[in-house]
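Participant: the following comprises the amino acid sequence and a computationally predicted model.
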Amino acid sequence: MKLKKYILAIYFGFFMHLIIAIWNGFFGPSPGADMDAAGLFGFAIDVSKDLEFEDFEIGYVPYINLLGTIFHYTIPSLFLGSLISCFAWLWSSHLLIKILDLMGATSRAKFQAALIYSLYPASIIFTSITLREPFQLLFLTLSVYSMIKIYKTGNPFRFINLIAYVFLMGVLHGAYLITGIAILAMSLILLAVKNNYKIPYAKIFFYTIFLAFPLLYLITWTFSFSYDFSDGIVEAAVSYQDGALDDGEGARANYKSATDFGGMSGLLNFIIFGFVQYMFKPFVWDVASLLDIIVMLEGFLRFYLLWRAYKNFKNRSFGGDLSWIFILLIFLLNEFIWSLGTINWGTAMRHHVPVFFCLLIVAFCVPGESRRLKFSKGHRASLDINIASQK
């Protein structure tokens, strides 16, 4: 049986991940694995000794508790921790192909998306080591896949899976909790569209009640210890940025250096320019190392993929598919959230990884294209005859 090219691309990417995992596990640390990844591995080792879990807290704690449990019943190995991350990436890559299938992408589009997904440098670096990113990626991909399945099948019971995935990615970071809630809302809209706006109110009411209280508690609890809005949103933003700048004071890769917003209009300018910098820094004149070149090229790639997505939107090449628009919005929302708290392009490189697949979908997926290609191949001769006769 001949393997399709996009499957070969995925497994080539998996092979690249395995190389990084072996490097990190036996000869490391590999690039990006000498700070947070090493720290999380150390915490997981502590948990594995007597299964003394850290108190639950949104962020890294669920990850180290899970990894520590696995180590307790197997072996406390850095290679094993890295290998688990590699398999999380592999699972997410297959889900990407499934999403593209559901949205009617051609084999060529799937190959292009899979190849970029597999060779994306930041993904190879950060989803092959003991970080949360591969699992944020996995649960976000599962959430988007569930959203598309709800839209294509009209089955509201798939919300059960979606709720679980939103919860799992939400406990890894508050930013993904916000993104997950947006995905839930989008899924309800898509379900309504699928049912010709004949919304199954009884079922939705049940799911809403089932979800509302735990999610509300989770959101309140998360932001109660993360942010202080008592003096207003401007002061909260200033306080957060000041803390981040103090932690990374003097770092060459910083692209933010001041938090004097000068009121709400200044804050809006700060947010807009911060988003542009987060997406595309470093620029050519900022480059001073090999890593800078890699990050710069990733910025060029994001710009190119956004341009492709814009062309699809402008030409309505997406066929008016509402799910396509929502996937684009998920990408923009998640990137916007991260841009608010990110001050240097080294950290930004890592934060781009989990949501990158959404950009690939809207850049390469053109629903209905496969049907048009099939038509053109089957009727090319007759069309040529008709055109010639009209001349």
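Facilitator: That came in fine, so what should we check first?
Participant: now do the buried residues in stretch 272-287.
Facilitator: For stretch 272-287, the buried set under the neighbour-count rule, 16 or more other C-beta atoms under 10 Å, comprises 274-275, 277-282. (Glycine included, C-beta is placed from N, CA and C.)
Participant: skip the chain neighbours and tell me the closest residue to residue 334.
Facilitator: residue 355 (4.3 Å; C-beta to C-beta, 6 or more residues apart in numbering).
Participant: quick one, what contacts that neighbour?
Facilitator: With contact set as C-beta atoms under 8 Å, 6 or more residues apart in numbering, residue 355 has these partners: 140, 179, 330-331, 334-335.
Participant: what values do phi and psi take at it?
Facilitator: Per-residue torsions, residue 355: phi -100, psi 0 (degrees, to the nearest 10).
Participant: what's the separation between it and residue 267?
Facilitator: Relative to residue 267, residue 355 is positioned 24 Å away (C-beta to C-beta, to the nearest Å).
Participant: how about residue 288?
Facilitator: 30 Å.
Participant: who's more crowded, these two?
Facilitator: residue 267 (16 against 11; other C-beta atoms under 10 Å).
Participant: how far does the strand or helix carrying that one sit from the chain's center?
Facilitator: Residue 267 belongs to helix 264-280 when assigned by DSSP states H and E. Its chain's C-alpha centre and that of helix 264-280 lie 21 Å apart, by C-alpha atoms, centre = their mean, to the nearest Å.
Participant: give the next helix or strand downstream of that helix.
Facilitator: Using DSSP H and E, the helix or strand that follows helix 264-280 in sequence is helix 290-314.
Participant: buried set for that following helix?
Facilitator: In helix 290-314, counting by 16+ other C-beta under 10 Å, buried: 291-292, 294-296, 298-299, 301-302, 305-306, 308-309, 312.
Participant: ok, residue 187 touching residue 159?
Facilitator: Yes. Taking contacts as C-beta atoms under 8 Å, residue 187 lies within contact range of residue 159: 6.9 Å.
Participant: which neighbours do those two share?
Facilitator: Common neighbours of residue 187 and residue 159, using C-beta under 8 Å, 6+ apart, are 146, 150.
Participant: quick check: which helices or strands does the strand or helix carrying residue 93 pack against?
Facilitator: Secondary structure from DSSP H and E places residue 93 in helix 78-102. Under the contact criterion of 3 or more C-beta pairs under 8 Å, 6 or more residues apart in numbering; DSSP states H and E, helix 78-102 touches helix 5-22, helix 36-50, helix 61-73, helix 107-119, helix 133-153, helix 356-364.
Participant: and the pLDDT at the residue nearest to residue 283 when sequence neighbours are not counted?
Facilitator: Spatial nearest neighbour of residue 283, chain neighbours left out: residue 296 (7.2 Å); criterion: C-beta to C-beta, 6+ apart. We note a pLDDT of 94 for residue 296 in this prediction.
Participant: from residue 310, how far off is residue 296?
Facilitator: Noted for residue 296: a distance of 21 Å to residue 310, by C-beta to C-beta.
Participant: what does residue 128 give?
Facilitator: As defined by C-beta to C-beta, residue 128 lies at a distance of 32 Å from residue 310.
Participant: how much space between residue 92 and residue 162?
Facilitator: From residue 92 to residue 162 the distance is 16 Å (C-beta to C-beta).
Participant: right, I mislabeled it, should have said residue 7
Facilitator: Where residue 162 is concerned, residue 7 sits at a distance of 26 Å (C-beta to C-beta).
Participant: pick out whichever of the two has more residues nearby.
Facilitator: The neighbour comparison of residue 7 against residue 162 (other C-beta under 10 Å) goes to residue 162, with 23 against 16.
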